[in-house]
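K.L.:
when you get a sec, could you give me coordinates for this:
(chains A, B, C and D)
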Protein chains: 2
Amino acid sequence: MTKSNISIKELASILGFSITTVSRVLNGKAEQYRIKKETESKIQETAKRLNYTPNQFARSLKLDKSETIGVIVPDISNPFFAEIFKNIERGLKQHGYAVFVGDSNDNTELEIDLIKHFVARKVDGLVIAPVGISSTHLSQVFKTGIPLVSIDRSFKNVDFPAVTSNNFDSAKEATIELLKNGHRNIALIQGLNQSQPNTDRVNGFIQAMKEWDIHPDKYSIVGEGFSIENGFYQTDRLLNSANPPTAIFALSNLIALGALKAISQNGQTIPNDISLLTFDEQAYSAFLNTPMTTIEQNKVEMGNMAVKLLIDQICGRKPKIGSIVQIHSKMHLRESIKKIN
Amino acid sequence: MTKSNISIKELASILGFSITTVSRVLNGKAEQYRIKKETESKIQETAKRLNYTPNQFARSLKLDKSETIGVIVPDISNPFFAEIFKNIERGLKQHGYAVFVGDSNDNTELEIDLIKHFVARKVDGLVIAPVGISSTHLSQVFKTGIPLVSIDRSFKNVDFPAVTSNNFDSAKEATIELLKNGHRNIALIQGLNQSQPNTDRVNGFIQAMKEWDIHPDKYSIVGEGFSIENGFYQTDRLLNSANPPTAIFALSNLIALGALKAISQNGQTIPNDISLLTFDEQAYSAFLNTPMTTIEQNKVEMGNMAVKLLIDQICGRKPKIGSIVQIHSKMHLRESIKKIN
DNA sequence: ATGAAAGCGCTAACAG
DNA sequence: CTGTTAGCGCTTTCAT
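P.N.:
Sure, this is the predicted structure:
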């Protein structure tokens, strides 16, 4: 239904030049084909005056590329993904791409569906924050030759590049912060088991404990999802257990929110009764009654790197097999950790 | 660079039918052209087997429509817009559209730019959460025949439809809640002056005051932006003024966050020292030290309605001039308002 | 019940 | 320095 604009053909006939010449000028190839300066400026000027815009479909059909990228996230209403996305969109736009978004709603079927959809529309590349654990569908598209980068989550034994946070190191660093403050009986509330970021974080936690010679009997690892409910349930259970922890390490902001609720319902306060530390800096983190110590993933860098890795592929620079770029996170030390002896 | 799929031409030659026949079957027009059942099923079957997918560009070029919608938001990392967007994307996908997103970064120039970009890509329609106060560029595209609906903000004297919250009514209702609890000296901290939602909310507030016969000298309206900084600055000022308010009504979640900080820095607590009420329900609203009373806009309904209004236009149902659909908001009464006498 | 052929708007190989 | 022309993959008018 879009109102049809002027075509290159009409433009040519109005100007009295051939289609080719017009096309060349409009594609910045005047120099290359030694087109007269006068001709060039005349064409440029009339094109502008008549508000000529090239028909993308004809272009894409001819060139077999769309100048379009598909981005898929598990949940765009999650600020973490929204912020990453914002940076990806900005970067891609600067490179002249329009971006399709799909929200997979944390559902692999939907993710596969979206990929097909985008492939049918001949996107020049794909940036995907994958739902989960399986990656075969991703390898499949990548093998058909579509540039691809995965973000937030990576996979083993896979050809396409990924950008993630340094989950292992930052979890370890955060744990050490707890240890330095005298905590030993620490409870880690984890997110989705088996997902790569969760595994890395858990391993970082365990490594710190190992290095400080804390016996596994001393601490606990519980939980099974990045949700408020999981955070609430586990914290409530921990607080009412025989040997409640002195500190809780939550692996996501939602888990922390659930923990907050359980702590307050149990009549306890942070950090007097219990210390709390969490992944994911949020706008409100510093504004909670007790400003929260958090680990902030660098969403700007992650987005930028994803764009770079994608553009590299599009320009024919093949990624090193299994290349995973880790972006450094940053800890915000605030008042939710109590020093004990 | 996308790996070229099989074309209708190849398909035809493999099958031994003409391109025309194949095209007809694949477009579900077998019946209409009385194509033999046998022929039809043979074509369908091979198409599926060879994994044929039509080339969208060729289709779009021929049909002059893209089955694509452009959506523009001022800030996708703002959960309010992200959630609305999520619903829009879902609805549009169900109608077979792919959706381009643009983030205007609260900048009208960028918004105009994105519109041009999307128009050049011949989107079949546009959903825009406009940055601001001017709407001439919107009227312009709409006049060229591109279906358009604006969301969150509406404009006067404009032909395209809009969906917003019932800002006036919900602000009035919220104010009355404060009044019923005995508050008179209320400070309203507003957002972007002159923007339609802000104006409506301020007017709702004033109307409530009028109906309760509260003289304008009693209350105050301050502030000039939907930001944390504005919330902090104004609250700090109010708390240290000669006649501090007993309640603050914040017109956005960010303003409330700033207020929270100022209140805590001044050594005061909610609701003992001061009551607080705010627009925008957030994941953390109920988890703050004092669970916050909020006004939640119905983002699901807003998104769905925007999709409906757009599809209506695409299907040729012209919108009533100046039609603005208002979606009802909902108040969450929690513990941040103190009853005083 | 099926096909031939034109044409959507553009680029690029080939031809001066 | 500029032009002619083929063809990208599809839909559709006109023929048969």
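
K.L.:
tell me, how many residues neighbour the residue of the stretch 101-250 of chain A at minimum distance from DNA strand C?
P.N.:
Closest residue of the stretch 101-250 of chain A to DNA strand C, Cβ to the nearest atom of the strand: A:Lys122 (13.9 Å). Where C-beta positions appear, they are placed from N, C-alpha and C, glycine not excepted. Residues near A:Lys122, counting by other Cβ atoms under 10 Å in any protein chain shown, number 23.

K.L.:
now do A:Gln313
P.N.:
Counted with other Cβ under 10 Å, A:Gln313 comes out at 22.

K.L.:
then A:Asp236?
P.N.:
If you count neighbours by other Cβ under 10 Å, A:Asp236 ends up with 17.

K.L.:
just the one 10 residues further on next, same as before
P.N.:
Counted by other Cβ under 10 Å, the residues lying close to A:Thr246 total 19.

K.L.:
quick one: contacts for it?
P.N.:
Listed by Cβ atoms under 8 Å, 6 or more residues apart in numbering or on different chains, the contact set of A:Thr246 reads A:His183, A:Arg184, A:Asn185, A:Ile186, A:Ile274, A:Ser275, A:Lys338, A:Ile340.

K.L.:
what number of residues lie near the fifth one?
P.N.:
A total of 23 residues lie near A:Ile274 under the criterion other Cβ under 10 Å.

K.L.:
show me what contacts it?
P.N.:
Per Cβ under 8 Å, 6+ apart, neighbours of A:Ile274: A:Leu239, A:Pro244, A:Pro245, A:Thr246, A:Ala247, A:Ile248, A:Ile263, A:Gln268.

K.L.:
let's see 7 Å
P.N.:
Counting by Cβ atoms under 7 Å, 6 or more residues apart in numbering or on different chains, A:Ile274 touches A:Thr246, A:Ala247, A:Ile248, A:Ile263, A:Gln268.

K.L.:
now the phi/psi pair for the third one, please.
P.N.:
Dihedral pair for A:Ile248: phi -120, psi 140, per degrees, to the nearest 10.

K.L.:
which one of the contacts of A:Ile274 sits closest to DNA strand D?
P.N.:
Comparing those against DNA strand D with Cβ to the nearest atom of the strand places A:Ile248 closest, at 56.5 Å.

K.L.:
specify the local secondary structure of the closest residue to A:Met331 other than its chain neighbours.
P.N.:
Leaving aside its chain neighbours, A:Met331 sits nearest to A:Ile295 (5.5 Å; criterion: Cβ to Cβ, 6 or more residues apart in numbering or on different chains). What DSSP: H, G, I helix; E, B strand; the rest coil gives for A:Ile295 is strand.

K.L.:
show me the beta-bridge partners of A:Ile295.
P.N.:
Beta-bridge partners for A:Ile295, by DSSP bridges, are A:Phe279, A:Met331.

K.L.:
could you pull out the strands for the stretch 1-150 of chain A?
P.N.:
Ranges of strands in the stretch 1-150 of chain A, per DSSP state E, counting those that start in this stretch, are A:68-73, A:98-103, A:125-128, A:148-151.

K.L.:
just checking, A:Trp252 touches A:Gln282?
P.N.:
One correction, residue A:252 is Ser, not Trp. No: using Cβ atoms under 7 Å, A:Ser252 makes no contact with A:Gln282, being 10.4 Å away.

K.L.:
list the residues that contact A:Val300.
P.N.:
A:Asn87.

K.L.:
need phi/psi at it.
P.N.:
Dihedral angles (degrees, to the nearest 10) for A:Val300: phi -60, psi -50.

K.L.:
the nearest residue to A:His117 once chain neighbours are set aside and DNA strand C, how far apart?
P.N.:
Nearest non-adjacent residue to A:His117, counting by Cβ to Cβ, 6+ apart: B:Ala98, 6.4 Å away. Counting by Cβ to the nearest atom of the strand, to the nearest Å, the gap from B:Ala98 to DNA strand C is 20 Å.

K.L.:
just the helices in the stretch 51-200 of chain A please.
P.N.:
In the stretch 51-200 of chain A, the helices defined using DSSP state H, counting those that start in this stretch lie at A:56-63, A:79-94, A:108-120, A:136-143, A:167-180, A:196-211.

K.L.:
hang on, the earlier thing: and the contacts of A:Ile274, which are buried?
P.N.:
A:Thr246, A:Ala247, A:Ile248, A:Ile263 (16 or more other Cβ atoms under 10 Å in any protein chain shown).

K.L.:
show me how chain A divides into domains.
P.N.:
A:8-54, A:63-165+A:299-328, A:167-297 (automatic domain parsing).

K.L.:
and those domains: which comes nearest B:Val149?
P.N.:
Of all the domains of chain A, domain A:63-165+A:299-328 sits nearest to B:Val149, with 18.4 Å by Cβ to Cβ.

K.L.:
so where's chain A uncertain?
P.N.:
A:1-4 (pLDDT under 70).

K.L.:
which of the contacts of A:Ile274 sits closest to A:Ser323?
P.N.:
For these, the nearest to A:Ser323 is A:Ile248 (35.0 Å; Cβ to Cβ).

K.L.:
in this structure the closest one contacts A:Ala256, no?
P.N.:
No: counting by Cβ under 7 Å, A:Ile248 does not reach A:Ala256; the two are 8.4 Å apart.

K.L.:
shared neighbours, these two?
P.N.:
Both A:Ile248 and A:Ala256 are contacted by A:Leu276, under the criterion Cβ under 7 Å, 6+ apart.

K.L.:
which residues of the stretch 51-200 of chain A lie near DNA strand D?
P.N.:
Residues of the stretch 51-200 of chain A lying near DNA strand D by Cβ under 7 Å from any atom of the strand: A:Ala58, A:Leu61, A:Lys62, A:Asp64.

K.L.:
tally of neighbours for the second one?
P.N.:
Read that as A:Leu61. A:Leu61, neighbours per other Cβ under 10 Å, totals 19.

K.L.:
before we move on, what about the first one?
P.N.:
Taking other Cβ under 10 Å as the criterion, the count of residues near A:Ala58 is 15.

K.L.:
now swap in the one 4 residues further on and tell me
P.N.:
One way to gauge burial is a neighbour count; for A:Lys62, by other Cβ under 10 Å, it gives 10.

K.L.:
need the contact list for it.
P.N.:
Contacts of A:Lys62 (Cβ under 7 Å, 6+ apart): none.

K.L.:
next one: it relative to A:Thr39, how far apart?
P.N.:
For A:Lys62, the distance to A:Thr39 equals 23 Å [Cβ to Cβ, to the nearest Å].

K.L.:
cool, and A:Leu254?
P.N.:
62 Å.

K.L.:
tell me which of these two has more neighbours.
P.N.:
Of the pair A:Leu254 and A:Thr39, A:Leu254 is the one with more neighbours under other Cβ under 10 Å, namely 25 against 16.

K.L.:
contact partners for the closest residue in space to the more buried one that isn't next to it in sequence?
P.N.:
Closest residue to A:Leu254 apart from its sequence neighbours, by Cβ to Cβ, 6+ apart: A:Ile228 at 4.9 Å. With contact set as Cβ under 7 Å, 6+ apart, A:Ile228 has these partners: A:Leu254, A:Leu257, A:Gly258.

K.L.:
now, those residues that are in strands?
P.N.:
Among those, no member falls in strands (DSSP state E).

K.L.:
out of those, name the ones that lie in helices.
P.N.:
Those of the contacts of A:Ile228 mapping onto helices are A:Leu254, A:Leu257, A:Gly258, per DSSP state H.

K.L.:
flag every residue of the stretch 51-200 of chain A that's near DNA strand C.
P.N.:
Counting by Cβ under 7 Å from any atom of the strand, the stretch 51-200 of chain A sits next to DNA strand C at A:Pro54, A:Asn55, A:Ala58, A:Arg59, A:Leu61, A:Lys62, A:Leu63.
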